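Chemist: I'll drop the sequence and a predicted model, then ask my questions.
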Amino acid sequence: MKTGVIGAGTMGTAIAALLANAGYDVVLVDVVEDALKKARKRHEGEDFEQIKQAGLKKRGEISSKIKYTTNLRDIKECSFVVEAIPEKLELKIELMSEIESLVSDDCVLATNTSSFKPSEVAISLKKPERLVLFHFSNPPILMRIVEIAGELASKDAIGKAIEIAREIGKEPVLLKKECRGHIFNRFLGVAGVAGAWELMHARPEEIDAALKALGSPYGFFELLDLIGIDVVMDVLNSFRDAYGEKFDLPKGLAFFLEKMLEWRKLGKKSGGGFYRWIEGKAMIPEVTPCDITPIISAVVNEAFLELEEGIADKETINDAYKLATGSSLGVFEVAEMLGYQTILEVLEKLYRERGAEIYKPAEKLKAVSER
């Protein structure tokens, strides 16, 4: 089967690698020729090494299965096309309409959007039922999750996305209901805001050391560098549109992040963000972990809000956290370790002191804390 990936950035390049490794013919499209050259280099080096590291290796090489092109028309024979372009809703809507005009009626369209609902991306399609969410966690080759959703999507489209996710070695997590940020990126957004508040008392490396002590292979600010500060800011803007002031950053950090964008300190892809990056690795000093109970409490609270909204059941949300972080503990297992009453008390205290909506306790958290 021939597949297409639109966008040769961090995510699109990795998705193309996974599809090619699984034996699919891949058309990788980008408007910038240099991005395609960098993608091929990654496919012959870093990405292929990550495929081996993840235990997914099926082929001796992958670049021969990939056509690198700037011509979108080259996707016309594809049966499954994933977009992984910048996190701008208007661009995604426009691209999907253009893709639909080129491919066959039975081609399934997929979006790797970090924050938007698939139904928002599908709004201008003649056949919106053909579009599904197909969202990876960073780093996409190493993290096992693919979130799948689509309130407008047909059973066939959802089924095709699940089948391909499994074929490339991932575990599909099916959402019952769409929401901006899906399951895991809502956690990241909340952690971003709560983490910003904690930067008033701790350094990024101290926060990251604490998160790694809980079993995560990546620190939080290390992960932001992997995702890209520009992408993080786009996602937070999308969240503010949907969820209001809850995702407002403290003024000092908001100004600092804007300066990081201005200085092109975007994380791994630019060689520096919160950390300096050398040969694909963050240079993180060894430090004593700080107390990250406020951040974990905010993330647990978001998990309960997702339960309240019917995004997924408790087991699915818990599994999504483990799959997306590589941690041995799910978000509710971390909560049980800390204690629900402790978490509620932390949130109530911080909500009183800081007045930030990120700490406002969910009703389901209050209920479980009273048992």
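Modeler: Received, thanks.

Chemist: how about the strands in the stretch 151-300 of the chain?
Modeler: 171-174, 276-278, 281-283 (DSSP state E, counting those that start in this stretch).

Chemist: For Ala324, which of those strands is the nearest?
Modeler: Nearest to Ala324, of all those, is strand 171-174, at 8.5 Å by C-beta to C-beta. C-beta: built from backbone N, CA, C; applies to glycine.

Chemist: List the buried residues in that closest one.
Modeler: Across strand 171-174, burial judged by 16 or more other C-beta atoms under 10 Å covers 172-174.

Chemist: In the sheet, which strands lie alongside that strand, parallel or antiparallel?
Modeler: As defined by DSSP bridges, the strand partners of strand 171-174 come to strand 145-149 (parallel).

Chemist: Near Ala242, how many other residues are there?
Modeler: Using other C-beta atoms under 10 Å, Ala242 is surrounded by 16 other residues.

Chemist: Read off the pLDDT value for the residue lying closest to it once chain neighbours are set aside.
Modeler: Nearest residue to Ala242, sequence neighbours excluded (C-beta to C-beta, 6 or more residues apart in numbering): Arg180, at 4.1 Å. In the predicted model, Arg180 carries a pLDDT score of 97.

Chemist: dump the residue contacts of Arg180.
Modeler: The contact partners of Arg180, by C-beta atoms under 8 Å, 6 or more residues apart in numbering, come to 115-117, 186, 238-239, 241-243.

Chemist: For it, give its distance to Leu257.
Modeler: Distance of Arg180 to Leu257, computed by C-beta to C-beta, to the nearest Å: 20 Å.

Chemist: hang on, the earlier thing: can you list the strands of the stretch 151-300 of the chain in CSV and add distance to Ile358?
Modeler: Output for the strands of the stretch 151-300 of the chain, formatted as CSV (distance: least, C-beta to C-beta, whole Å):
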stretch, distance to Ile358
strand 171-174, 24
strand 276-278, 28
strand 281-283, 26
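
Chemist: which one of these lies closest to Ser297?
Modeler: Taking the strands of the stretch 151-300 of the chain one by one with C-beta to C-beta, strand 171-174 is closest: 23.5 Å.

Chemist: which residues are in contact with the closest one?
Modeler: Strand 171-174 is contacted from outside by 144-149, 158, 161-162, 165-166, 183, 312, 316, 319-320, 323, using C-beta under 8 Å, 6+ apart.

Chemist: Could I get the average pLDDT for it?
Modeler: pLDDT averaged over strand 171-174 gives 98.

Chemist: could you dump that strand to PDB, C-alpha only?
Modeler: Extracted C-alpha coordinates of strand 171-174, given in PDB (Å, rounded to 0.1, in the frame of the first residue of the first chain):
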ATOM      1  CA  GLU A 171      -0.400   0.900  20.400                       C
ATOM      2  CA  PRO A 172      -3.600   2.800  19.200                       C
ATOM      3  CA  VAL A 173      -5.500   4.600  21.900                       C
ATOM      4  CA  LEU A 174      -9.100   5.300  20.800                       C
END
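
Chemist: Figure out how far it is from the centre of its chain.
Modeler: Here strand 171-174 is found 14 Å from its chain centre; the criterion is C-alpha atoms, centre = their mean, to the nearest Å.

Chemist: Also stretch 242-262?
Modeler: Taking C-alpha atoms, centre = their mean, one finds stretch 242-262 lying 19 Å from the centre of the chain it belongs to.

Chemist: now stretch 354-361
Modeler: Relative to its chain's centre, stretch 354-361 lies at 24 Å (C-alpha atoms, centre = their mean).

Chemist: Stretch 10-17 now?
Modeler: 13 Å.

Chemist: Put the alpha carbons of it into PDB.
Modeler: C-alpha atoms of stretch 10-17 as PDB (Å, rounded to 0.1, in the frame of the first residue of the first chain):
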ATOM      1  CA  THR A  10      10.400  16.400  13.300                       C
ATOM      2  CA  MET A  11       7.100  14.500  13.400                       C
ATOM      3  CA  GLY A  12       6.500  14.000   9.700                       C
ATOM      4  CA  THR A  13      10.000  12.700   9.100                       C
ATOM      5  CA  ALA A  14       9.600  10.200  12.000                       C
ATOM      6  CA  ILE A  15       6.200   9.100  10.800                       C
ATOM      7  CA  ALA A  16       7.500   8.500   7.300                       C
ATOM      8  CA  ALA A  17      10.300   6.400   8.800                       C
END
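
Chemist: most centrally placed residue in the chain?
Modeler: Ser137 (4.1 Å; C-alpha atoms, centre = their mean).

Chemist: That one and Met143 touch, don't they?
Modeler: Yes: counting by C-beta atoms under 8 Å, Met143 is a contact partner of Ser137 at 4.1 Å.
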